[in-house]
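# coordinates only, sequence not included:
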Ligand code: AMP
Ligand code: MG
């Protein structure tokens with residue numbers, strides 16, 4: 001049975017980025033760029049004014065002075081004629097610097113009367129001018145492949161005139177719940193039945209990671225039903241099942257996956273909760289079999305499936321930020337397995353503090369609602385005390 005770290009390494013080593021597609025820039029936020037993007041032109045495109053004011057020859061007013069007004073230049077317009085010495089052009093932010101002049105004096109430093117403007121400050125060449133290419137040079141690779149597209153990257157791409165952007169494809173993730181006890185939300189409950197919450201929970205997790213959930217519904221605890229659904233699921237980029245992989249009498253997921261030529265990397269991981277987590281591949285396609293317990297299935301999604309999906313969708317940073325935090329409570333623990341503790345994280349004087357988010361038994365889903373971090377307690381650690389430092393994955 002692999003350790004937590006071994007299991008995650010096996011998974012991450014066996015998945016590769018999916019193909020590339022071009023998407024409209026409006027829908028590209030959160031996607032990962034699949035090609036290097038070089039600047040098609042200088043930015044700014046031309047010298048322009050950073051302020052509303054007067055464009056002048058700096059030599060005319062080294063210590064201030066009075067100049068004749070020679071024109072008005074709003075943003076969106078441009079001037080062709082050379083500005084004569086001893087004159088100024090009234091100019092609005094963003095407008096191109098007219099030929100001849102070499103500085104801009106902001107409004108605040110001037111006084112305009114009739115057809116003259118008095119400059120009340122010393123002026124140097126280059127004052128308040130944004131120069132051509134000062135931000136970005138034509139041909140410069142500003143956005144390398146692998147860049148996550150946030151609003152700032154979208155801004156840069158838009159300023160390059162890009163309408164379509166090459167990004168990694170979103171993973172289509174088939175989600176299958178298994179169990180005779182399950183009914184779908186909205187269906188009538190009967191004695192012994194529970195609602196299939198895992199499918200929707202995992203779909204939400206897939207969506208949040210940027211993937212596309214493909215809902216397969218419920219497979220019953222028999223080989224025929226499982227086979228039919230698993231075959232369908234193997235058409236997606238990734239297949240996730242929940243439940244039916246423990247050691248119970250009705251746990252057939254394992255048999256049927258083997259029958260379908262899935263090569264299993266492991267059937268269990270040395271973690272708590274989430275020990276019955278399995279991972280296999282068929283022709284390079286990853287298949288995750290997660291525990292049925294709703295808390296365990298979400299925790300194992302978080303620690304194993306999410307990083308894999310992110311890698312497949314081109315992300316270079318696939319793990320959540322991990323911080324050192326100080327425990328505010330004792331945690332009983334036996335040495336042996338990595339433990340995941342659902343914690344509430346706060347910050348005080350620049351230090352992260354963690355409280356238990358509630359009862360840690362995996363039966364308590366409410367604890368997950370109150371958790372904004374997962375403390376990852378190393379296998380060899382024993383009982384921890386308040387004040388001890390622990391590693392915490394920040395969930396948001
Ligand atoms: P199993 O792995 O099949 O032994 O299931 C473990 C536990 O998770 C049992 O209590 C199941 O009833 C519960 N469970 C399994 N599948 C789901 C599901 N899709 N939604 C909610 N609970 C589930
Ligand atoms: Mg079951």
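Noted; the coordinates are in hand. Only a predicted model underlies this, so the values are computations on that prediction, with no experimental measurement involved. Ligands and ions are numbered 1, 2, ... in the order given.
# Can you tell me what sits against whichever strand or helix holds residue 70?
Secondary structure assignment for residue 70, by DSSP states H and E: strand 65-73. With contacts defined as C-beta atoms under 8 Å, 6 or more residues apart in numbering, strand 65-73 is touched by 54-56, 60-61, 79, 83-84, 86-92, 95-96, 98, 112, 115-119. Glycine gets a C-beta too; all of them are placed from N, C-alpha and C.
# The closest residue to ligand 1 within the stretch 201-350 of the chain: neighbour count?
Closest residue of the stretch 201-350 of the chain to ligand 1, C-beta to the nearest ligand atom: residue 292 (2.6 Å). Per other C-beta atoms under 10 Å, the neighbour tally for residue 292 reads 23.
# Could you give the secondary structure assignment for it?
Secondary structure for residue 292, judged by DSSP: H, G, I helix; E, B strand; the rest coil, is coil.
# Partner strands of the strand holding residue 70, with direction?
Each strand paired with strand 65-73, and its direction, by DSSP bridges: strand 87-91 (parallel), strand 116-119 (antiparallel).
# Looking at those, which is nearest to residue 297?
Among these, strand 87-91 comes nearest to residue 297, with 62.3 Å by C-beta to C-beta.
# what's next to the closest one, contact-wise?
So strand 87-91 is contacted by 49, 52-56, 67-73, 79, 83, 97-98, 101, 104-105, 112, 117, 119 (C-beta under 8 Å, 6+ apart).
# Just the buried residues of the residues you listed.
Neighbour-count burial (16 or more other C-beta atoms under 10 Å) applied to these gives 49, 52-56, 67, 69-70, 73, 79, 83, 97-98, 101, 104-105, 117, 119.
# can you list the residues of this structure near ligand 1?
Residues of the chain lying near ligand 1 by C-beta under 6 Å from any ligand atom: 177, 179, 181-182, 194, 196-198, 242-244, 246, 248, 291-294.
# For ChimeraX, what selects the buried ones among the residues you listed?
The command below creates a ChimeraX selection of those among these that count as buried (16+ other C-beta under 10 Å):
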select :177,179,181,182,196,197,198,242,243,244,291,292,293,294
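# rewinding a little: how near is the residue of the stretch 201-350 of the chain closest to ligand 1 to residue 244?
Separation of residue 292 from residue 244 (C-beta to C-beta, to the nearest Å): 7 Å.
# any residues in contact with both of these two?
Joint contacts of residue 292 and residue 244 (C-beta under 8 Å, 6+ apart) are 178, 179.
# residue contacts, the residue of the stretch 201-350 of the chain found nearest ligand 2?
In the stretch 201-350 of the chain, no residue comes nearer to ligand 2 than residue 243, which is 4.5 Å away by C-beta to the ion. For residue 243, the contact set (C-beta under 8 Å, 6+ apart) comprises 177, 178, 179, 198, 253, 290, 291, 292, 297.
# For the residues you listed, give me JSON lines that also has distance to residue 136.
As requested, those are exported to JSON lines (distance: C-beta to C-beta, whole Å):
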{"residue": "177", "distance to residue 136": "50"}
{"residue": "178", "distance to residue 136": "53"}
{"residue": "179", "distance to residue 136": "56"}
{"residue": "198", "distance to residue 136": "47"}
{"residue": "253", "distance to residue 136": "53"}
{"residue": "290", "distance to residue 136": "45"}
{"residue": "291", "distance to residue 136": "49"}
{"residue": "292", "distance to residue 136": "52"}
{"residue": "297", "distance to residue 136": "46"}
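# and which of those residues is nearest residue 12?
Using C-beta to C-beta, residue 290 is the member of the contacts of residue 243 that lies nearest residue 12, at 16.8 Å.
# Now do the phi/psi pair for the residue of the chain most remote from its centre.
Largest separation from the mean C-alpha position in the chain: residue 114, at 56.5 Å (C-alpha atoms, centre = their mean). Main-chain dihedrals, residue 114, degrees, to the nearest 10: phi 50, psi -120.
# Could you report the separation of it from residue 69?
Between residue 114 and residue 69 the distance, using C-beta to C-beta, works out to 9 Å.
# Please apply the same query to residue 288.
72 Å.
# Can you tell me which of the strands paired with strand 65-73 is most buried?
Mean neighbours per residue, mean count of other C-beta atoms under 10 Å, is largest over the strands paired with strand 65-73 for strand 87-91, with a mean of 24.
# Stretch 188-204: which residues count as buried?
Result for stretch 188-204 [16+ other C-beta under 10 Å]: buried residues 196, 197, 198, 199, 200, 201, 202, 203.
# Enumerate every residue touching the residue nearest to residue 192 when sequence neighbours are not counted.
Leaving aside its sequence neighbours, residue 192 sits nearest to residue 181 (C-beta to C-beta, 6 or more residues apart in numbering; 6.2 Å). Shown in contact with residue 181 (C-beta under 8 Å, 6+ apart): 192, 193, 194.
# That concludes my questions; thank you for your assistance.
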